[in-house]
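In: Fold the following and give me the result.
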Amino acid sequence: MKKIFIFHATYGSGHKRAAEALYEYMKKRFPEFDIRIFDSLDYVSPIYRMVTQKSYYWSVERAQFIWKAIFSFVNRAKPGGFYYTCQQYIDLFFAGRLRKMLKKEQPDCLISTHFHPGEIACCLKEKGDINSFLGCVITDYMAHSIWFRKNIDAYFAASEFVRDGLVKLGADPGRIFITGISIGEQFRTDPEIKDIKPYMKKRNILFIGDYAADRKFKAGMKKELEIYPDTGVFLLSRKIDKYVETEGACIAKHNIFCSNLRTDVEKFYKAADIVVTKSGGLTTSELTAMGKPMVIYRPIPGQEEANCEELLKRSAGIKIKKRNELVKKSFELAHDSKRLNQMSENSKRLGKANATFDISEKIISRC
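Out: Next comes the predicted model:
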């Protein structure tokens, strides 16, 4: 039985979600293969995992200017040059268990949704320790140089822009497939929303974010709901308790749905006319697959900014910088029927609902 290993690394949730979507689909569709999923950070030194994860989360949440500087510096580094050579030796040193596992298991095919496991696998293949078909699902809408490895056999890209970026880095165009990013089956089917229908109105907005606790957001919500009372509001936030504490009267009057972050978010995507969120690679892929316009608020510098730029270029979303404009602009867009319909069509054109199917078929055909 041929082995197909799917790897991610838990820096953010997007890489994991892309890997899980691919794994769940392929496991069901191709039972004749031994398909397994791994987090590459489970096979590295605990110190390496702790330091790199904490550094990543601290920089993107607390010191975004540092993350932006790192992101830009690394992107300007030449593939195969001094920086990447040093990075490769560091990663190989701390990934001894991963190297041993791959040499022992000898997978026929290894697919990565994060550059870390792909980098290790490429090094092993170059040394002749494994002979796997290596695939890489790029989970953003730009080709950062850290994704490029000369031993990758197939790149699965979100758009022509990503393909062109890979070619500039030195990738063989024949190895690049514009499939989209693998997403869960629930985002390409028709989720049942009967339990949240009582909260829906003529126009519906889904807000996702920690800004729920901010006084400007609360004040803006009250004001806009008085102007547009026919608007249904869904609010998902890690800080939902702080919103509910002070806004009970507004919630009751306007029947606002309030919850912590959910695993069944596809229901709310379907119910919403627009979604206010960050432009993570997987979030962008899921929403465009469902043809939903996005209102992007303060994307993380680097990858989320690049995803945002792609949405703006395709007129599938708008970007809001100031918190005091977030609610106002969102309500205005939700009630601008002509613009909303056009943005929905643009979102559908950008989206690739069949990405998981297309990636899986290309992988199987090459294993």
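In: switch to C-alpha atoms for all contacts and neighbour counts from now on
Out: Fine.
In: Give me the most central residue, this protein.
Out: residue 282 (2.3 Å; Cα atoms, centre = their mean).
In: Quick check: that one vs residue 113, distance?
Out: To residue 113, residue 282 is 11 Å away according to Cα to Cα, to the nearest Å.
In: residues bridging contact with the two, i.e. touching both?
Out: Shared contacts of residue 282 and residue 113, defined by Cα atoms under 8 Å, 6 or more residues apart in numbering, are found at 15, 18, 139.
In: Can you list which of these are found in strands?
Out: Residues of the shared contacts of residue 282 and residue 113 located in strands (DSSP state E): none.
In: Based on its surroundings, how many neighbours for residue 321?
Out: Residues near residue 321, counting by other Cα atoms under 10 Å, number 11.
In: OK, contacts around residue 274?
Out: So residue 274 contacts 204, 205, 206, 292, 293, 294, 295, 330, 334 (Cα under 8 Å, 6+ apart).
In: how near is residue 310 to residue 141?
Out: Distance from residue 310 to residue 141, by Cα to Cα: 7 Å.
In: Those two - which one has more neighbours?
Out: Ranked by neighbour count (other Cα under 10 Å), residue 310 and residue 141 place residue 141 first, with 29 against 20.
In: Just to be sure, the more buried one is in a helix?
Out: No - applying DSSP: H, G, I helix; E, B strand; the rest coil, one finds residue 141 to be coil, outside a helix.
In: Correct me if wrong: it contacts residue 159.
Out: Yes - using Cα atoms under 8 Å, residue 141 is in contact with residue 159, at 6.7 Å.
In: where do the strands sit along this structure?
Out: Counting by DSSP E, one finds strands in the chain at the ranges 3-8, 34-39, 109-112, 133-137, 154-157, 176-178, 203-208, 231-236, 257-259, 274-277, 294-297, 317-320.
In: wait, which of these is closest to residue 243?
Out: Go through the strands of the chain one by one with Cα to Cα and the one that ends up closest to residue 243 is strand 257-259, at 8.6 Å.
In: helices and strands around that closest one, which ones?
Out: For strand 257-259, the elements it packs on are strand 231-236, helix 240-246, judged by 3 or more Cα pairs under 8 Å, 6 or more residues apart in numbering; DSSP states H and E.
In: Neighbouring strands of that strand in the sheet, and parallel or not?
Out: strand 231-236 (parallel) (DSSP bridges).
In: How is this structure divided into domains?
Out: As given by automatic domain parsing, the domain ranges for the chain are 3-181+353-366, 189-350.
In: Buried ones among the shared contacts of residue 282 and residue 113?
Out: Neighbour-count burial (16 or more other Cα atoms under 10 Å) applied to the shared contacts of residue 282 and residue 113 gives 15, 18, 139.
In: Tell me the spacing between residue 170 and residue 146.
Out: Counting by Cα to Cα, the gap from residue 170 to residue 146 is 12 Å.
In: Tell me which of those two has more neighbours.
Out: A side-by-side neighbour count of residue 170 and residue 146, using other Cα under 10 Å, places residue 146 first with 19 against 13.
In: Just to check, the more buried one is in contact with residue 72?
Out: No - the criterion here is Cα under 8 Å, and residue 146 misses it with residue 72 at 10.9 Å.
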